[in-house]
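Visitor: here's my sequence, what's the structure:
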Amino acid sequence: MTTDTHSTHGIEPRRGSEAWRSAVELLSSMRFAIALLTVICIASVIGTVIKQHEPGVNYVNQFGPFWAELFLALKLNAVYSAWWFLLILAFLVTSTSLCIARNTPKFLADIRSYKENIRHQSLQAFHHKAQGTLAAAPADEARRIGQMLAGGGWKVRLQERDTPGGKGWMVAAKAGAANKIGYIAAHSAIVLICLGGLFDGDLFVRALTWFGGKSVYAGGGLVSDVKPEHRLPQSNPAFRGNLVVAEGTAASTAILSQSDGILLQELPFSVELKKFIVEYYSTGMPKLFASDIVIHDKATGKATPGRVEVNHPVSYGGVQIYQSSFDDGGSSVKLRAVPMNGGMQPFTVEGTIGGRSEITNGSDKMTLEYTALRVINVENLGDDRPGAGSGADVRKVDLGHALTQRLGAADKTVTQRHLRNVGPSITYKLRDPAGQAREYHNYMLPVDTGDGSPAFLLGVRASPAENFRYLRIPADDDGSIDGFVHLRAALLDPAQRERAVRRYVAKAVDANRPELADSLAASAARALALFAGAEPVAGKKAVGGLQAISDFMESAVPEAERERAADVLLRILNGSLLELNGLAREGQGRKPLPENESTQRFMTQAVLALSDAPLYPAPVAFELQDFKQVQASVFQVARAPGQNVVYLGCLLLILGVFAMLYIRERRLWVWLAPQGDGAHATMALSSNRKTLDADREFEQLQRKLLTSS
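Guide: Just a heads-up that it's a prediction; the model follows:
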């Protein structure tokens, strides 16, 4: 941290104990400052690689329990506010300041000095040196050389000396002294930037928790219920936190995330959100966040309107208000519970995003948690190749690829990339009495993924670390999910299966061959029972779906005949399911579907969905019927007294680095000794860097100064 190339030692006090003198010398030395700077750089890299201020469970999922516990113990999840990081930063400021204090007097003295007292014999030791004979007397030549150098931007000092041969003159000149100023500016910039980092970091927040009686809050509940010992005063000189404000409401308490909880920061004003505005690109990515706000001063009651946009903050009372993100402000939703296993009547529930409802079905009691409402979902439904994500979804979920993670074989997407807004969606969790929960993501409208058969997409995942897997249920001729629900209920009803078999046999068997009716009826009944999961295979647990058909073929049919038998059995199954669907529609007072291409596409998707349905982990799926969106704006509020200090440090750093890199410090000496009526000149040039420019400059000076006019 210094230009002293002769020593890396620091200040060495003359008084005090040996330990004290050694500590001061180490603290003010260049080697100690460089070591601290290296540690700071390594810690900054760690803070960049590891996501900061994430929930502890995220680190467990990513790194495992052992490393997550180690990272949390070392505060690597909050590097820049960790006590050890702030301590190292403070030591770096102290060490660099001592380095500056030790070397600045030397630099300033060197800048003021012309070093005209150098011995003329020493000039022979320089790399750049030259000699010549001049016609005029030493005094006249000294004045001529001095004037020429001064005209070239050099600062010159002349010194007269007595010699055995008469009066001699030393011309001492210097240029580029700002190079030394650059070193001082660069080192001072490090101190200022570190001080600004300390001021704008968690230093004052830490001080309040250590010495001000404040403590981190690790519980839950409403902000209004948090006790005063977890709230920081309005006079806190530096903080940075988040403020969430829903449309039509106001808030005045910011949340400061800590590694082990949160702290609440009271603001000297409240922010009222009049309207939140978000605009999207055609890909679904947001292109504009804006909030129309009114700031209400608590002391004066003055109301100040403003507009906050990304990169266009609003400043009030020394607090900067930035547009950070947006969230749901408590939208109300109306959901319809659709039974997945039959035996239950649909029902509706209403709630608010962020809230919960208790639902029950006899002995089964579950908690429905309303997680998120998305009004716009622009998805890539074209390219289903892995890794061919569209980037269209702001949640970084590519629906075209996500469908390949389905609960079965219900994926019929094409390969052409195609972006489309598929409408609103609801995300919710179902939590059982033991506290275990799965997350569900259902689209409000049926989605046509490119095969001409619109389908309702029901997503599910066991943890946030997983991608959603989608069950694809075909929409009926009314664009509703009810057609599939009634078909599923009929499949699980033995009486309906029996009626469907009789209808199928009556249509399929030729009246001239009645002896085939019994065997076909038995095959059809067996196929429907296996598909419905009502009959086990080879003593195993009944699984249902196409898997049960496959297991039956492997256990009951010789391998050589399986292909032909499978084709026959699937045709019987499809025909029986078509009749079963007609019975289900008649039970709802509707006509059976006509036998056309549209019905064939519906039944194809229905067979696949029926096969996957037993794997759906919930007895009901909630369909979004209606909603009233309320948006909320997420602001980042910051009081940063060190901001201007950092800006000044950055300016000094730029100037210092520029001065050190582009300004060469040069010193020139010309010794003029009397020689007859003229003078003998010895010239030497010193430069802090050996460059080709220095060689050329010396040659030019030699021709210019050592040639008499």
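
Visitor: residue boundaries of the helices in the stretch 301-450 of the chain?
Guide: Counting by DSSP state H, counting those that start in this stretch, one finds helices in the stretch 301-450 of the chain at the ranges 399-402.

Visitor: ok, which stretches of it are strands?
Guide: Using DSSP state E, counting those that start in this stretch, the strands of the stretch 301-450 of the chain run over 303-309, 314-316, 319-328, 332-339, 347-352, 356-361, 364-374, 378-380, 419-421, 425-431, 437-443.

Visitor: now, of these, which is deepest in the fold?
Guide: Ranked by mean neighbour count under mean count of other Cβ atoms under 10 Å, the strands of the stretch 301-450 of the chain are led by strand 378-380, which reaches a mean of 23. In this view, the C-beta of every residue, glycine as well, is placed from N, C-alpha and C.

Visitor: mean confidence for that one?
Guide: Per-residue pLDDT over strand 378-380 has a mean of 73.

Visitor: likewise stretch 304-320?
Guide: In this model, stretch 304-320 has an average pLDDT of 93.

Visitor: please apply the same query to stretch 659-675.
Guide: 91.

Visitor: for stretch 187-198, same thing?
Guide: On average, stretch 187-198 scores 88.

Visitor: just checking, what packs against the one helix or strand V156 maps to?
Guide: Using DSSP states H and E, V156 maps to strand 155-163. Packing partners of strand 155-163 (3 or more Cβ pairs under 8 Å, 6 or more residues apart in numbering; DSSP states H and E): helix 138-151, strand 166-175.

Visitor: what's the spacing between it and its chain's center?
Guide: 66 Å (Cα atoms, centre = their mean, to the nearest Å).

Visitor: picking up where we left off before, figure out which of the strands of the stretch 301-450 of the chain is closest to I50.
Guide: With Cβ to Cβ as the criterion, I50 lies closest to strand 319-328 of the strands of the stretch 301-450 of the chain, at 20.9 Å.

Visitor: between the closest one and strand 347-352, how many degrees?
Guide: 180 degrees (axes from the mean of the first three to the mean of the last three Cα atoms, to 10 degrees).

Visitor: what's strand 319-328 packed up against?
Guide: Helices and strands touching strand 319-328, as assessed by 3+ Cβ pairs under 8 Å, 6+ apart, comprise strand 239-246, strand 261-280, strand 286-297, strand 303-309, strand 314-316, strand 631-639.

Visitor: direction included, what does the third one pair up with?
Guide: I take that to be strand 286-297. Here strand 286-297 is paired, per DSSP bridges, with strand 261-280 (antiparallel), strand 303-309 (antiparallel).

Visitor: with distance to G213 added, can I get the strands of the stretch 301-450 of the chain in a markdown table?
Guide: Below are the strands of the stretch 301-450 of the chain laid out as a markdown table (distance: least, Cβ to Cβ, whole Å):
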| stretch | distance to G213 |
| --- | --- |
| strand 303-309 | 33 |
| strand 314-316 | 28 |
| strand 319-328 | 24 |
| strand 332-339 | 41 |
| strand 347-352 | 36 |
| strand 356-361 | 35 |
| strand 364-374 | 36 |
| strand 378-380 | 50 |
| strand 419-421 | 53 |
| strand 425-431 | 38 |
| strand 437-443 | 38 |
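
Visitor: quick one, which of these gets closest to A465.
Guide: That would be strand 437-443 among the strands of the stretch 301-450 of the chain, by Cβ to Cβ, at 11.0 Å.

Visitor: list the contacts of the closest one.
Guide: Strand 437-443 is contacted from outside by 369, 371, 377, 422-431, 456-464, 468, 617-618, 621-624, using Cβ atoms under 8 Å, 6 or more residues apart in numbering.

Visitor: okay, the angle between it and strand 364-374?
Guide: Put simply, strand 437-443 runs at 50 degrees to strand 364-374, going by the same axes, to 10 degrees.

Visitor: hey, C-alpha coordinates of strand 437-443 in PDB?
Guide: C-alpha atoms of strand 437-443 as PDB (Å, rounded to 0.1, in the frame of the first residue of the first chain):
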ATOM      1  CA  ALA A 437     -47.500 -30.000   2.100                       C
ATOM      2  CA  ARG A 438     -47.400 -30.200  -1.700                       C
ATOM      3  CA  GLU A 439     -47.500 -27.200  -4.000                       C
ATOM      4  CA  TYR A 440     -50.000 -27.100  -6.900                       C
ATOM      5  CA  HIS A 441     -50.100 -24.800  -9.900                       C
ATOM      6  CA  ASN A 442     -53.300 -24.900 -12.000                       C
ATOM      7  CA  TYR A 443     -54.200 -22.800 -15.100                       C
END
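
Visitor: one step back: any chance of the helices and strands packed on strand 319-328 in JSON lines, plus distance to A525?
Guide: Formatted as JSON lines, the helices and strands packed on strand 319-328 follow (distance: least, Cβ to Cβ, whole Å):
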{"stretch": "strand 239-246", "distance to A525": "58"}
{"stretch": "strand 261-280", "distance to A525": "53"}
{"stretch": "strand 286-297", "distance to A525": "56"}
{"stretch": "strand 303-309", "distance to A525": "67"}
{"stretch": "strand 314-316", "distance to A525": "73"}
{"stretch": "strand 631-639", "distance to A525": "55"}
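
Visitor: so which of those strands comes closest to A500?
Guide: The nearest among these, by Cβ to Cβ, is strand 261-280 at 47.6 Å.

Visitor: compute the inter-axis angle for that closest one and strand 239-246.
Guide: Orientation of strand 261-280 against strand 239-246 (the same axes, to 10 degrees) gives an angle of 50 degrees.

Visitor: buried residues in strand 261-280?
Guide: I262, L263, L264, Q265, L267, P268, F269, S270, V271, E272, L273, F276 (16 or more other Cβ atoms under 10 Å).

Visitor: which elements pack onto the helix or strand harbouring V39?
Guide: Element membership for V39 (DSSP H and E) is helix 30-49. Where contact means 3+ Cβ pairs under 8 Å, 6+ apart, helix 30-49 is packed against helix 83-112.

Visitor: measure how far the helix or strand where L608 lies is from the centre of its chain, please.
Guide: Under the criterion DSSP H and E, the helix or strand holding L608 is helix 597-612. Relative to the mean C-alpha coordinate of its chain, helix 597-612 is positioned 41 Å out (Cα atoms, centre = their mean).

Visitor: after it, heading C-terminal, what element do we hit next?
Guide: Counting by DSSP H and E, what follows helix 597-612 is strand 620-628.

Visitor: show me the helices in the stretch 551-700 of the chain, by range?
Guide: 562-587, 597-612, 643-662, 692-705.

Visitor: of the ones you listed, which is nearest V57?
Guide: Short answer: helix 597-612, nearest of these by Cβ to Cβ, at 29.6 Å.

Visitor: against which helices or strands is that closest one packed?
Guide: strand 469-474, helix 482-491, helix 545-556, helix 562-587.

Visitor: so which of the ones you listed is the most packed in?
Guide: Highest mean neighbour count of those: strand 469-474, a mean of 24 (counted as mean count of other Cβ under 10 Å).

Visitor: for burial, what's the neighbour tally of I353?
Guide: I353 has 23 neighbouring residues, counting by other Cβ atoms under 10 Å.

Visitor: do I have it right that it meets D327?
Guide: No: judged on Cβ atoms under 8 Å, I353 makes no contact with D327 at a distance of 9.2 Å.

Visitor: in the stretch 501-650 of the chain, where is pLDDT below threshold?
Guide: Counting by pLDDT under 70, the stretch 501-650 of the chain has low-confidence residues at 511-512, 514-515, 538-539.

Visitor: what pLDDT, on average, does stretch 130-149 get?
Guide: For stretch 130-149, the per-residue pLDDT averages 92.

Visitor: what residues does that stretch touch?
Guide: Residues outside stretch 130-149 that contact it (Cβ under 8 Å, 6+ apart) are 156, 158, 160, 166-169, 171, 173, 668, 670, 672-675, 677-684, 698, 702, 704-709.

Visitor: please compute how far that stretch lies from its chain's middle.
Guide: The answer for stretch 130-149 is 68 Å, by Cα atoms, centre = their mean.

Visitor: which of the residues in the strand holding V156 are buried?
Guide: Across strand 155-163, burial judged by 16+ other Cβ under 10 Å covers V156, L158.
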